[in-house]
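Engineer: Fold the following for me, if possible:
(one chain, ligands or ions: 1)
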Amino acid sequence: MKEKIEEIKKQAEEEIENIKTAQELQDLKVKILGKKSELSNLLKTLGSLSAEERPKMGALVNEARKELEEKIASVEEKIKENLLAEKLQKETIDITLPSTKIKRGSKHPVNRVIEEIEDLFVSMGYDVVSGPELETDEFCFERLNLPQGHPARDMQDSFYITPEYLLRTQTSAVQARTMLANEEKSPIRMICAGKTYRREDDATHSHQFGQVEGLVIDKKERNVSLADLKGTLEVFVRKLIGKNSELRFRPSYFPFTEPSYEVDVSCFKCGGKGCNLCKQTGWIEVLGSGIVHPNVLKMNGYDPEKYGGFAFGTGLERLAMFKYGIPDMRYLYTNDVRFLTQFDRKDQE
Ligand code: DAH
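Structural biologist: Purely as a prediction, here's the structure:
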């Protein structure tokens with residue numbers, strides 16, 4: 001019987017040696033150590049042995065079993081190690097390869113300009129306010145000294161939704177809203193940037209565009225004057241477009257200001273000598289402005305004898321074009337990422 005045990009063991013050891021995969025090993029384990037294995041069968045025959053022989057043989061079988069178990073365990077360990085090594089080999093990452101770039105969005109130049117304007121005016125004590133894009137005729141025109149039938153209404157072709165409601169043609173509507181909402185008549189210093197709409201669509205105009213509006217109102221004795229308006233706009237234009245810009249105030253007409261001015265800035269391309277950008281004049285028109293008209297004050301709850309101030313407004317696209325040297329306004333509306341990402345770099349210069 002002893003020889004038989006040796007034989008089984010030897011045979012099993014050979015088979016273990018030749019094992020390659022975890023599955024094969026599992027099968028072999030059952031074959032060598034399972035209930036129907038030769039070793040188990042041998043144990044069942046112990047009864048036929050003498051009382052003296054029985055424990056000896058029993059011990060031998062168990063010893064052989066234990067040795068085989070250990071062998072299997074060590075082969076199992078080896079297979080696991082090999083599997084892991086193989087997996088690591090397969091999943092190696094070449095960190096020297098260029099990565100796939102994740103494209104990041106970019107701020108639109110018009111939004112950059114809005115943020116810069118808001119930061120500047122907040123630093124001068126202004127509030128940033130907003131108003132509705134769907135506006136009433138009352139706030140867009142009536143309360144700004146533009147009654148029904150006023151010829152200046154023709155300057156702004158409007159999108160009327162109903163006879164009462166329209167898409168606002170100018171952020172000036174927010175002037176009236178701000179004054180009317182200020183029941184305590186505390187000083188107003190506000191800036192408002194937003195979308196405006198007009199019924200025009202050609203190479204240089206879009207039906208939707210951006211404007212920014214400023215309004216300052218204070219008691220008469222505080223004497224908010226044309227000098228303050230000039231100083232404010234000078235800071236504004238120089239900060240946004242160029243610190244060497246010169247400003248020129250040209251008398252003009254707006255229904256909500258009196259006197260009214262259009263403000264030109266010296267051409268930043270040619271420095272005022274004359275070029276194609278400024279149409280050889282040396283100047284580029286950038287702003288509308290003036291001293292708030294007494295009628296506007298009156299209609300929006302302010303006594304023109306006691307209060308006064310100035311207002312200004314301008315188009316955001318033009319400012320963005322001047323600031324970044326964008327040659328065609330239509331670039332601003334095409335949402336081409338290649339165009340938009342340029343300004344990340346330009347703002348860092
Ligand atoms: N709202 C005017 C426009 O759209 C611009 C403007 C002119 C605004 C004079 C003002 C101002 O506040 O005082 O053409």
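
Engineer: Let's verify the residue in the stretch 51-200 of the chain that the ligand sits nearest to: helix, strand, or coil?
Structural biologist: In the stretch 51-200 of the chain, the residue that lies nearest the ligand is Q170 (3.7 Å; CB to the nearest ligand atom). In short, each C-beta sits where N, CA and C put it, glycine included. Assigned by DSSP: H, G, I helix; E, B strand; the rest coil, the conformation of Q170 is coil.

Engineer: Next, count neighbours for the closest residue to it other than its chain neighbours.
Structural biologist: Using CB to CB, 6 or more residues apart in numbering and skipping the chain neighbours, the partner closest in space to Q170 is T196 (5.7 Å). T196: 24 surrounding residues under other CB atoms under 10 Å.

Engineer: I'd like the distance between the residue in the stretch 151-300 of the chain positioned nearest to the ligand and E213.
Structural biologist: At 2.5 Å from the ligand, G288 is the closest residue in the stretch 151-300 of the chain, using CB to the nearest ligand atom. Using CB to CB, to the nearest Å, G288 is found at 10 Å from E213.

Engineer: Find the residues that touch each one of these two.
Structural biologist: Shared contacts of G288 and E213, defined by CB atoms under 8 Å, 6 or more residues apart in numbering, are found at F312, G313.

Engineer: ok, and for the helix or strand containing I8, which residues are buried?
Structural biologist: Using DSSP states H and E, I8 sits in helix 2-17. Within helix 2-17, the residues scored as buried using 16 or more other CB atoms under 10 Å are I5, I8, K9, A12, I16.

Engineer: for the record, mean pLDDT for stretch 172-192?
Structural biologist: Stretch 172-192 shows a mean pLDDT of 97.

Engineer: Tell me the one of the buried residues of helix 2-17 nearest the ligand?
Structural biologist: Distance ranking of these against the ligand, using CB to the nearest ligand atom, places I16 first at 91.8 Å.

Engineer: Next, count neighbours for the residue of the stretch 51-200 of the chain closest to the ligand.
Structural biologist: Neighbour count for Q170, taken as other CB under 10 Å: 24.

Engineer: Run a quick neighbour tally on Q342.
Structural biologist: 14.

Engineer: Does the longest strand along the chain pack against any helices or strands, and if so which?
Structural biologist: Longest strand in the chain, counting residues (DSSP state E): strand 208-219. Secondary-structure packing of strand 208-219 (3 or more CB pairs under 8 Å, 6 or more residues apart in numbering; DSSP states H and E): helix 109-123, helix 173-181, strand 188-197, helix 226-240, strand 307-315, helix 316-324.

Engineer: Check the gap between the residue of the chain most remote from its centre and L43 for me.
Structural biologist: Residue farthest from the centre of the chain, counting by CA atoms, centre = their mean, is S50 at 90.0 Å. As judged by CB to CB, S50 and L43 stand 16 Å apart.

Engineer: In the lengthiest helix in the chain, which residues are buried?
Structural biologist: Determined from DSSP state H, the single longest helix within the chain is helix 53-90. Buried residues in helix 53-90, counted by 16+ other CB under 10 Å: M57, L60, V61, A64, R65, L68, K71, I72, V75, I79.

Engineer: now do stretch 241-248
Structural biologist: Of all the residues in stretch 241-248, those buried under the rule 16+ other CB under 10 Å are I241, S245, E246, L247.

Engineer: Filter these down to the ones in helices?
Structural biologist: Among the buried residues of stretch 241-248, no member is found in helices (DSSP H).

Engineer: In a markdown table: the buried residues of helix 2-17, plus distance to the ligand.
Structural biologist: Formatted as a markdown table, the buried residues of helix 2-17 follow (distance: CB to the nearest ligand atom, whole Å):
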| residue | distance to the ligand |
| --- | --- |
| I5 | 106 |
| I8 | 103 |
| K9 | 101 |
| A12 | 97 |
| I16 | 92 |
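
Engineer: Adding pLDDT, write these out as TSV.
Structural biologist: Output for the buried residues of helix 2-17, formatted as TSV (pLDDT from 0 to 100):
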residue	pLDDT
I5	86
I8	88
K9	87
A12	87
I16	89
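
Engineer: farthest pair in those?
Structural biologist: I5 and I16 (16.2 Å; CB to CB).

Engineer: Tell me which residues touch the residue lying closest to C140 once chain neighbours are set aside, please.
Structural biologist: The spatial neighbour of C140 that comes closest, neighbours along the chain excluded (CB to CB, 6+ apart), is A173 at 4.5 Å. For A173, the contacting residues are G131, E135, F139, C140, L144, by CB under 8 Å, 6+ apart.
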